[in-house]
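Chemist: Predicted model and sequence below, questions to follow.
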Amino acid sequence: MAEKLKDVFFTRVTLTQLAEAITQVDAKFDRAKFLALVFDDDWESKELKARLRHAAICLGQVLPKSYAQALKILKQVAPQSRGFDGLVFPEFVEVYGLEDWERSLPALEFFTRFGSSEFAVRPFLHRDPERGMAFLLKCADSADHHVRRWASEGCRPRLPWAMALPKFKADPSPILLVLEKLKDDESEYVRKSVANNLNDISKDHPERMMAVCERWFGRSPRTDWIVKHACRGLLKARHERALRLFGFDDNQQVEVAKLKLDKKRLAIGEDLTFNFELLVGDKDECKLRLEYTIDFVKANGKTSKKVFQLAEKNYLPGVHTQRKKHATADLSTRKHYPGKHQLAIVVNGKELATVGFDLF
């Protein structure tokens, strides 16, 4: 079983190392007091984000009371941290710096190089969207790809694990100004964030997001990659405008025949294998997106459809035999329940064949 994140980050080892690093910069820092405050009676019961917040609060109780002096110390220490442990520095800014924008926003820009400030900037954006986005817009021109990525990631309207930004869900216009600057970025790290941001926007404004994608598509291999990755949610949802953008027309002479399962009844945890024939009748090869969907039974007895991709390529006229194995083992993201399920084959957004099976 994979380790829990809270057992990997913000451990006694890493927090002790943090305390020692601060002591090297500020001899007055009370390392023992900091560690005693962190590892209180409730520490073991705290989850990852609660530990992050708790550690940042404890830093504020031991560092100099002057926010400016505390930031000066932490900026000297931050380069020694990387990854999730480095989030404690922007978290400190979120906790103690909301009233000092002149120091806090540049500090977040600095700290994001070592532990992303994508979560910590959001209270600033929520409090004053115009001022916050003006700063991120400038950061989109940074020479540092970590900072450019932060300019996009920090304002994602549906960033996982993060506080919501309802104003940006309602109107993504300020976000799009940032993304325009980053749409052909040389860094894949940045481009992935741009694509994820557009995918977030598509949940609330699919047509507006598609207008952006149609304008970007064909500009360069970089923008094409962003657009394709950004449209993944709409493609799974069979959005016609997204399907057409990538050439997945619904007028192909295609049929699905002989859809069969290796078993109609199986225990949760067993593999299900299915096969079918794809009949392509056009004179020329055609571009097809093959998917299968399963209507999974939920705990309340209702069903929820999940989409899985099979292939996406050009097919010559003729018969193409397809075979796929699907696992029904429980995952961290999906728990299986007994009942009647349905599997369907989807071609270019059209459901062409279905078959049922039982899980027990």
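Modeler: That came in fine, so what should we check first?

Chemist: Residues contacting whichever strand or helix holds K138, please?
Modeler: Assigned by DSSP states H and E, K138 belongs to helix 129-139. Here helix 129-139 makes contact (Cβ atoms under 8 Å, 6 or more residues apart in numbering) with 101, 105, 109, 121, 124-125, 147-148, 150-151, 154-155, 165, 167-168, 174-175, 177-178, 181. C-beta: built from backbone N, CA, C; applies to glycine.

Chemist: Show the buried residues in those residues.
Modeler: By neighbour count, with 16 or more other Cβ atoms under 10 Å, these hold 105, 109, 121, 124-125, 147-148, 150-151, 154-155, 165, 168, 174-175, 178, 181 as buried.

Chemist: so of the residues you listed, which ones are in helices?
Modeler: Those of the buried ones among the contacts of helix 129-139 mapping onto helices are 105, 109, 124-125, 147-148, 150-151, 168, 174-175, 178, 181, per DSSP state H.

Chemist: now, which of the residues you listed sits nearest L234?
Modeler: L234 lies nearest to I175 out of those, by Cβ to Cβ, at 17.4 Å.

Chemist: Can you report how many residues lie near the residue nearest to F10 when sequence neighbours are not counted?
Modeler: Leaving aside its sequence neighbours, F10 sits nearest to R51 (Cβ to Cβ, 6 or more residues apart in numbering; 4.6 Å). R51 has 20 neighbouring residues, counting by other Cβ atoms under 10 Å.

Chemist: V355 now?
Modeler: Using other Cβ under 10 Å: V355 sits among 15 other residues.

Chemist: That one is in contact with D262, isn't it?
Modeler: No - in this structure, V355 is not within contact of D262 by Cβ atoms under 8 Å, at 11.4 Å.

Chemist: Between those two, which contacts overlap?
Modeler: F274.

Chemist: And the contacts of the lengthiest helix in the chain?
Modeler: Criterion DSSP H: the longest helix present in the chain is helix 188-204. Helix 188-204 has contacts (Cβ under 8 Å, 6+ apart) with 145-146, 148-149, 152-153, 155-159, 169-170, 172, 175-176, 179, 182-183, 185, 208-210, 212-213, 222, 225-227, 229-234.

Chemist: And the pLDDT for H336?
Modeler: H336 carries a pLDDT value of 94.

Chemist: Please report how far L59 lies from E44.
Modeler: 20 Å (Cβ to Cβ, to the nearest Å).

Chemist: which regions of this structure sit below the pLDDT cut-off?
Modeler: 1-8, 251 (pLDDT under 70).

Chemist: Can you show me the CA trace of the helix holding K138 as CSV?
Modeler: Extracted as CSV, the C-alpha positions of helix 129-139 are listed here (Å, rounded to 0.1, in the frame of the first residue of the first chain):
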residue,chain,number,x,y,z
PRO,A,129,-9.0,39.9,-7.9
GLU,A,130,-7.9,42.9,-10.0
ARG,A,131,-4.8,43.7,-8.0
GLY,A,132,-3.8,40.0,-7.7
MET,A,133,-4.3,39.2,-11.3
ALA,A,134,-2.3,42.3,-12.4
PHE,A,135,0.6,40.9,-10.4
LEU,A,136,0.2,37.4,-12.0
LEU,A,137,0.0,39.0,-15.4
LYS,A,138,3.5,40.5,-14.9
CYS,A,139,4.7,37.1,-13.6
